[in-house]
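J.: Got a predicted structure plus its sequence, pasted below:
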Amino acid sequence: MEADELLLLVASGNQKAFEDLYGLVSGPVFGLVRRVVRDPAQSEEVAQEVLLELWRSAAKFDPGRGSAMSWILTLAHRRAVDRVRSARAAGEREQREALRANQPAFDHVTEEVEAGLERELVRRCLDRLTVLQRQSVTLAYYEGYTYREVAERLSLPLGTVKTRMRDGLTRMRECLGGVA
Amino acid sequence: MSLFRREDLHSLAAPYALDALEPPERVRFEKHLKGCDRCAAEVRALSEDAVRLAWSAATPAPAALRDRVMAAVRTTPQDPAPQDTARAPARARATQLPPHVWGTQPPPRQRERRRIPLFVPFATATAAAALVVASLFAVQANRTQDELTAERDRSREIAHVLAAPDARASSGRDGRGRTIGVIASATEGSAVVTLGGYGDPSGGRVHQLWLMRPGAQPRSLGLFESDTPLVATGLGTSATSLAVTVEPAGGSPQPTTQPIVQLALKSVGFGE
């Protein structure tokens, strides 16, 4: 069964369906959270919160508004970003600087070497963006920066960053095409 | 007045899809989305793009995580489905709203007292399931007693289907985000069918549900009233798919138009 169907069953309290759903989504959820949060222990913590939230809030899923996978990953991303931002706001500057030193935004994409068709495809498509489009998209999505912060880091006007983000995503869509 | 001009708000669609807005901006933009179909459609598309980025980061989760989550699930109660009264007014547009809106901003919980007793007679899990189905549809706040009675009967029928041990769910979505959902039990020969986002056809016409079988005429399973679920009974195991057509008021003996949506029943245990 697909995530959409499973989530509907989970919403009715079906634990077996939740186990199946876990099998389907734990990899994408954990991978995304790990990518954004970085710290292994914190990543596990956030991933656990997200997965448990799927169980608790499954009834909020409305298939009329998008696919289950999209709902789940959007939720995971939001939680991961919240964690990263509160860590930053809490003044963990050192950690931030260390992260920045370890993970320069520029070549972030090409650091990903693990195989995987989707990963490979997305990477190839990211590589086809202009540098500014790619940086705008990945700094926001994978590193949890707000577009204002992205503008600061890249020394670009706000409007430019917003445009680059949109163009970047749109070009990704064209590049990825119908391959779902 | 808003600090942002309209065109400024429009331009926030991409940062919003990337979760790159600061909380106050996010709130303001979500407010704006509710009244802006164009932005909602755009955000939805951009959010799907962003989800592709998420996919590419997938990596196996540690085994210990699974144990902890499963242990927690066994002791964690589930939240009830959001009540429909809070969502109904936005329903027509809701099909285009992105997951963000409902993932992070649960609708205000407005208890609609009249609805509660409908579900009391059922076992907890069943009641939850019935709420789930009910939550898929717009339910108007104001109902007459007859409508309430009809709804209660329908809720019983729905709960009956959901309670079947072999109840399975399936759903389909067209390119415009409109959905058909079915929860069916092959042993009961019944199904709960729901439409989302289609609205009411113009000119007093109706959405009619048909059972499609190989080598037989389509059989009418009833008319949809707005977005309320339709309970179809007497489905033989040979049933292969369901179809919905737009028909003149009162429905037709046989379909007179092409189906606007069709859903195969194989995945829910029929036609095997």
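T.: Looks like it arrived, so ask away.

J.: Spatially nearest residue to A:Asp20, not counting backbone neighbours?
T.: Ranked by Cβ to Cβ, 6 or more residues apart in numbering or on different chains and with sequence neighbours excluded, the top spatial neighbour of A:Asp20 is A:Leu6, at 5.5 Å. All C-beta spots, glycine's among them, are computed from the backbone N, C-alpha and C.

J.: what does the one helix or strand the one you found maps to contact?
T.: Following DSSP states H and E, one finds A:Leu6 within helix A:3-11. For helix A:3-11, contacts defined as Cβ atoms under 8 Å, 6 or more residues apart in numbering or on different chains pick out A:1, A:17-18, A:20-21, A:24-25, A:54-55, A:58-59, A:61, A:63, A:67-69, A:71-72, B:78, B:81, B:128-129, B:132, B:168-171, B:181, B:183, B:267.

J.: pLDDT on that helix, on average?
T.: In this model, helix A:3-11 has an average pLDDT of 90.

J.: Just the local confidence number for residue 113, please.
T.: In the absence of a named chain, chain A is used. Note on A:Val113: pLDDT of 35.

J.: actually chain B
T.: B:Arg113 is given a pLDDT of 33.

J.: same thing with B:Arg178?
T.: Value for B:Arg178, per-residue pLDDT: 75.

J.: which residue ranges form the helices in chain B?
T.: Secondary structure of chain B, counting by DSSP state H: helices at B:6-10, B:13-17, B:23-34, B:37-55, B:63-75, B:84-87, B:91-94, B:99-104, B:116-119, B:124-135, B:145-163.

J.: actually chain A, not the one I typed
T.: Counting by DSSP H, the helices of chain A are A:3-11, A:15-37, A:40-57, A:68-89, A:93-102, A:108-111, A:117-127, A:131-141, A:147-154, A:158-176.

J.: Briefly note if the third one comes near chain B.
T.: Yes: judged by Cβ under 8 Å from any Cβ of the partner chain, helix A:40-57 comes into contact with chain B at A:Glu44, A:Ala47, A:Gln48, A:Leu51, A:Leu52, A:Trp55, A:Arg56, A:Ser57.

J.: Can you tell me which of the residues you listed is nearest B:Leu162?
T.: B:Leu162 has its nearest neighbour among the residues of helix A:40-57 next to chain B in A:Trp55, at 18.4 Å by Cβ to Cβ.

J.: ok, the closest one touching A:Phe18?
T.: Yes: between A:Trp55 and A:Phe18 there is a contact at 5.6 Å, judged by Cβ atoms under 8 Å.

J.: what is in contact with these two at once?
T.: With Cβ under 8 Å, 6+ apart, A:Trp55 and A:Phe18 have common neighbours A:Val10, B:Val73.

J.: who in the stretch 151-272 of chain B is up against chain A?
T.: Residues of the stretch 151-272 of chain B lying near chain A (Cβ under 8 Å from any Cβ): B:162, B:168-171, B:173, B:177-179, B:181, B:183, B:196-197, B:267.

J.: from those, which is closest to chain A?
T.: Nearest to chain A, judged by Cβ to the nearest Cβ, of these is B:Gly196 at 3.4 Å.

J.: ok, back up a step: compare the mean pLDDT across the helices of chain B and name the weakest.
T.: Lowest mean pLDDT of these: helix B:116-119, a mean of 30.

J.: ok so, going back, highest average neighbour count across the helices of chain A?
T.: Comparing those by mean neighbour count (mean count of other Cβ atoms under 10 Å in any protein chain shown), helix A:3-11 ranks first with a mean of 25.

J.: ok and that helix relative to helix A:40-57, angle-wise?
T.: 70 degrees (axes from the mean of the first three to the mean of the last three Cα atoms, to 10 degrees).

J.: Helix A:3-11: how far from the chain's middle?
T.: Its chain's C-alpha centre and that of helix A:3-11 lie 22 Å apart, by Cα atoms, centre = their mean, to the nearest Å.

J.: doesn't A:Met172 make contact with B:Ala17?
T.: No: the pair B:Ala17 / A:Met172 is not scored as a contact, 11.3 Å apart, by Cβ under 8 Å.

J.: Now for these two: what residues contact both?
T.: Joint contacts of B:Ala17 and A:Met172 (Cβ under 8 Å, 6+ apart) are B:Asp49.

J.: ok, B:Leu65 - contacts?
T.: Applying Cβ under 8 Å, 6+ apart, the residues contacting B:Leu65 are A:Ser26, A:Phe30, A:Glu44, A:Ala47, A:Gln48, A:Leu51.

J.: And for A:Asp167?
T.: Applying Cβ under 8 Å, 6+ apart to A:Asp167 gives the contacts A:Gln133.

J.: Just to check, B:Ala191 is in contact with B:Ser241?
T.: No: the pair B:Ala191 / B:Ser241 is not scored as a contact, 11.3 Å apart, by Cβ under 8 Å.

J.: Verify the stated contact: B:Leu263 with B:Val182.
T.: Yes: with contact defined as Cβ under 8 Å, B:Leu263 counts as touching B:Val182 (6.0 Å).

J.: what's the burial count for the residue nearest to A:Phe30 when sequence neighbours are not counted?
T.: Sequence neighbours aside, B:Ala61 is the residue nearest to A:Phe30 in space, at 3.7 Å (criterion: Cβ to Cβ, 6+ apart). By other Cβ atoms under 10 Å in any protein chain shown, the residues close to B:Ala61 number 24.

J.: so what are the domain limits for chain A?
T.: Domain assignment for chain A, taken from automatic domain parsing, gives A:1-102, A:104-180.

J.: residues touching the nearest residue to B:Glu42 once chain neighbours are set aside, list them.
T.: Leaving aside its chain neighbours, B:Glu42 sits nearest to B:Ala13 (4.8 Å; criterion: Cβ to Cβ, 6+ apart). B:Ala13 is in contact with A:Arg166, B:Cys39, B:Glu42, B:Val43, B:Leu46, counting by Cβ under 8 Å, 6+ apart.

J.: switch the cut-off to 10 Å
T.: B:Ala13 sits next to A:162, A:165-166, A:169, B:29, B:32-33, B:36, B:38-47, B:98 when contact means Cβ atoms under 10 Å, 6 or more residues apart in numbering or on different chains.

J.: got it, and A:Val36?
T.: So A:Val36 contacts A:43, A:46, A:76-77, A:79-84, A:141-144, B:19, B:54, B:57 (Cβ under 10 Å, 6+ apart).

J.: how much space between it and B:Gly236?
T.: 50 Å (Cβ to Cβ, to the nearest Å).

J.: same check, this time on B:Met212
T.: Distance from B:Met212 to B:Gly236, by Cβ to Cβ: 12 Å.

J.: and those two? which has more neighbours close in?
T.: Comparing B:Met212 with B:Gly236 by other Cβ under 10 Å, the one with more neighbours is B:Met212, at 20 against 13.
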